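Student: Build me a structure from this.
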Amino acid sequence: GASLHAAVLQPNIVLIFVDDMGYGDLGCYGNKSNKTPNIDRLAAEGQRWTSFYSSGAWCVPSRTGLMTGRHPHLFAGKMDLPKTRDKLMAAMLKQQGYATAILGKWHLAGYPQDFTKSPMHPLECGFDYHFGTPGSNDVPAPPGKRQTRSLFDACNKFTFKVPLIRGRKLIEVPTDQELLTKRYTQEAVKWIGANKDKPFFLYLAHNMPHAPVFASKNFQGKSKGGRYGDTIEEIDWSVGQVMKAIKKAGIDKKTLVIFTSDNGPWSMFGPHGGTAKPLRGEKSTSWEGGYRVPGIFRWPGKIKPGKVDGLAANLDLYATFATLSGGEQPGELPGFISKDISGVLLQGEASPRKKWFYSSGSIAFRSGNYKIHLSTKNRSSNPDTRARAPITKHDPPLLYDLSTDVGEQKNITADH
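Tutor: Numbering: from 1, shown residues only. Just a heads-up that it's a prediction; the model follows:
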């Protein structure tokens, strides 16, 4: 890694961050029904990680980890997120002369009525340009209703009065959910073309495939994977459009593209959720399926294509981007903070991350191949409740060897 730090490379960074996509939703991670040729090509031309983790098992903790470079558990009652505004990922890159944009879901600034004035609005957090939604596409719920499977099944693209905002201006409410993926893609293509002459950071944070899922007309009813598959295939199309824009701008060789998901799939919602196969669990659990997500890195001529089995988490992107851009590393705080994985990406080194901490209400730890669960929870089997499932404590803890049992089926506590 030492030689790397001497030469700051300042690549363009395109971070494609999707919402609730499972480990098993893409062709390159073993899915047989969703066609994802563009993402599969990204993986074939870059590094595909098999133990890449989200920072949290649902939206806000994961995005907190990503943007701060710190484990979201460190913020629980200990730190105030707005105090970190000038240290967030986009602000750090902006200080290095990067143009910065967020297209899509932010989810770190509260909700519609106060969003445009929030101290945590993206434009206050280091982004030059913003176009998207304050939070998830199932907020706010219609009056008197809750976000349940039966509502998702019955809803149309306008049932949830989701606001679409450009900068600080409300453009429309409710926005047409079928058009979100397409509109973000068109914005991304335009923005890349306009900003190709200096280093840029594009954070493309799709609302999809968070329940209820929607795709535009061209993709409806096309996938073998049903309604959810249609949505995945449109995201794959979007990745293809972004890659074309990068090539057209002549900046392919100086652009690092990353594709990952904010957490595992919401499988309990059936046709509105994906799969974590072969992993156990789903979103909001501390089983592997809640945290382990696709992690793909492509940078032609710099990243040697291959598969990486070492550990990393989305919060490690902060330190990595700081190294590549010449920016400031995340400040010293105890506990799980960002680790620079640029040596893995560029020089084939072993990953510096050896441990992971799962804190989704239920608590688990991974060290090397071993994982212990101090407590577990499973999603409710009734998809018409949003209730968090009860937590079961384990004494002694459950123990799994993930190298031979990635599905966490065989508790080996008795052997150790």
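Student: rest of the way, CA atoms for contacts and neighbours
Tutor: Will do.
Student: separation between the nearest residue to residue 9 once chain neighbours are set aside and residue 199?
Tutor: Closest residue to residue 9 apart from its sequence neighbours, by CA to CA, 6 or more residues apart in numbering: residue 324 at 5.5 Å. Note on residue 324: its distance to residue 199, by CA to CA, to the nearest Å, is 11 Å.
Student: Now the common contact residues for the two.
Tutor: 10, 11 (CA atoms under 8 Å, 6 or more residues apart in numbering).
Student: In the stretch 51-200 of the chain, what residue spans correspond to strands?
Tutor: 99-105, 129-133, 164-166, 169-172, 200-205 (DSSP state E, counting those that start in this stretch).
Student: Format these as CSV; extra columns: mean pLDDT, distance to residue 270 and mean neighbour count.
Tutor: Converted to CSV, the strands of the stretch 51-200 of the chain look like this (pLDDT from 0 to 100; distance: least, CA to CA, whole Å; neighbours: other CA atoms under 10 Å):
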stretch, mean pLDDT, distance to residue 270, mean neighbour count
strand 99-105, 98, 23, 25
strand 129-133, 97, 24, 23
strand 164-166, 96, 27, 20
strand 169-172, 94, 29, 14
strand 200-205, 98, 23, 24
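Student: Figure out which of the ones you listed is closest to residue 248.
Tutor: Proximity to residue 248 (CA to CA) singles out strand 200-205 among the strands of the stretch 51-200 of the chain, at 15.8 Å.
Student: quick one: low-confidence parts of the protein?
Tutor: 1-7, 76-79, 112-113, 332-336, 380-388 (pLDDT under 70).
Student: ok, the strand ranked longest in it: who's next to it in the sheet?
Tutor: Assignment by DSSP state E gives strand 392-401 as the longest strand of the chain. Each strand paired with strand 392-401, and its direction, by DSSP bridges: strand 370-376 (antiparallel).
Student: coming back round to it: the residue nearest to residue 9 against residue 11, yeah?
Tutor: Yes. With contacts counted by CA atoms under 8 Å, residue 324 reaches residue 11, the gap being 7.0 Å.
Student: the helices in this protein, which residues?
Tutor: Under the criterion DSSP state H, the chain contains helices at 2-6, 37-44, 59-68, 89-94, 112-115, 149-154, 180-194, 226-248, 288-291, 316-325, 342-347.
Student: Now tabulate those in JSON lines and tack on mean neighbour count.
Tutor: Shown next, in JSON lines, are those (neighbours: other CA atoms under 10 Å):
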{"stretch": "helix 2-6", "mean neighbour count": "11"}
{"stretch": "helix 37-44", "mean neighbour count": "19"}
{"stretch": "helix 59-68", "mean neighbour count": "24"}
{"stretch": "helix 89-94", "mean neighbour count": "26"}
{"stretch": "helix 112-115", "mean neighbour count": "16"}
{"stretch": "helix 149-154", "mean neighbour count": "16"}
{"stretch": "helix 180-194", "mean neighbour count": "18"}
{"stretch": "helix 226-248", "mean neighbour count": "21"}
{"stretch": "helix 288-291", "mean neighbour count": "31"}
{"stretch": "helix 316-325", "mean neighbour count": "24"}
{"stretch": "helix 342-347", "mean neighbour count": "19"}
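Student: Serialize these to TSV and add fields for distance to residue 25.
Tutor: As requested, these are exported to TSV (distance: least, CA to CA, whole Å):
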stretch	distance to residue 25
helix 2-6	34
helix 37-44	11
helix 59-68	18
helix 89-94	28
helix 112-115	31
helix 149-154	20
helix 180-194	17
helix 226-248	8
helix 288-291	12
helix 316-325	22
helix 342-347	24
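Student: do you know which of the ones you listed lies nearest residue 133?
Tutor: Among the helices of the chain, helix 112-115 comes nearest to residue 133, with 8.6 Å by CA to CA.
Student: For the strands of the stretch 51-200 of the chain, give me TSV that also has distance to residue 256.
Tutor: As requested, the strands of the stretch 51-200 of the chain are exported to TSV (distance: least, CA to CA, whole Å):
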stretch	distance to residue 256
strand 99-105	14
strand 129-133	20
strand 164-166	26
strand 169-172	31
strand 200-205	10
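Student: of those strands, which approaches residue 30 most closely?
Tutor: strand 200-205 (23.5 Å).
Student: orientation of that closest one relative to strand 129-133 in degrees?
Tutor: 10 degrees (axes from the mean of the first three to the mean of the last three CA atoms, to 10 degrees).
Student: Would you give the sheet partners of strand 200-205, along with the direction of each?
Tutor: Short version: by DSSP bridges, strand 200-205 pairs with strand 12-18 (parallel), strand 99-105 (parallel).
Student: Helix 180-194 and the first one, what's the angle between them?
Tutor: Relative orientation of strand 12-18 and helix 180-194, computed by the same axes, to 10 degrees: 180 degrees.
Student: Begin at 42, not 1, for the rest of this chat.
Tutor: Sounds good: first residue 42 from here, last item strand 53-59.
Student: Using PDB, write out the CA atom coordinates for strand 53-59.
Tutor: Provided in PDB are the C-alpha atoms of strand 53-59 (Å, rounded to 0.1, in the frame of the first residue of the first chain):
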ATOM      1  CA  ASN A  53     -13.900   9.800 -11.000                       C
ATOM      2  CA  ILE A  54     -16.000   7.700  -8.600                       C
ATOM      3  CA  VAL A  55     -19.400   6.400  -9.600                       C
ATOM      4  CA  LEU A  56     -21.100   4.700  -6.600                       C
ATOM      5  CA  ILE A  57     -24.300   2.900  -7.600                       C
ATOM      6  CA  PHE A  58     -26.100   2.100  -4.400                       C
ATOM      7  CA  VAL A  59     -29.400   0.200  -4.700                       C
END
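Student: I figured residue 62 hits residue 313, correct?
Tutor: No. Residue 62 is not in contact with residue 313 according to CA under 8 Å; the separation is 10.7 Å.
Student: Identify the contacts common to the two.
Tutor: 250, 251.
Student: shouldn't residue 414 be in contact with residue 401?
Tutor: No. Using CA under 8 Å, residue 414 is not in contact with residue 401; the gap is 11.5 Å.
Student: how many other residues sit next to the nearest residue to residue 353 once chain neighbours are set aside?
Tutor: Closest residue in space to residue 353, ignoring its immediate chain neighbours: residue 93 at 5.0 Å, by CA to CA, 6+ apart. For residue 93, the neighbour count with other CA atoms under 10 Å is 24.
Student: Show the contacting residues for residue 93.
Tutor: Applying CA under 8 Å, 6+ apart, one finds that residue 93 lies in contact with 333, 334, 335, 336, 352, 353, 354, 355.
Student: same thing with residue 226?
Tutor: Taking CA under 8 Å, 6+ apart, one finds 279, 282, 283 in contact with residue 226.
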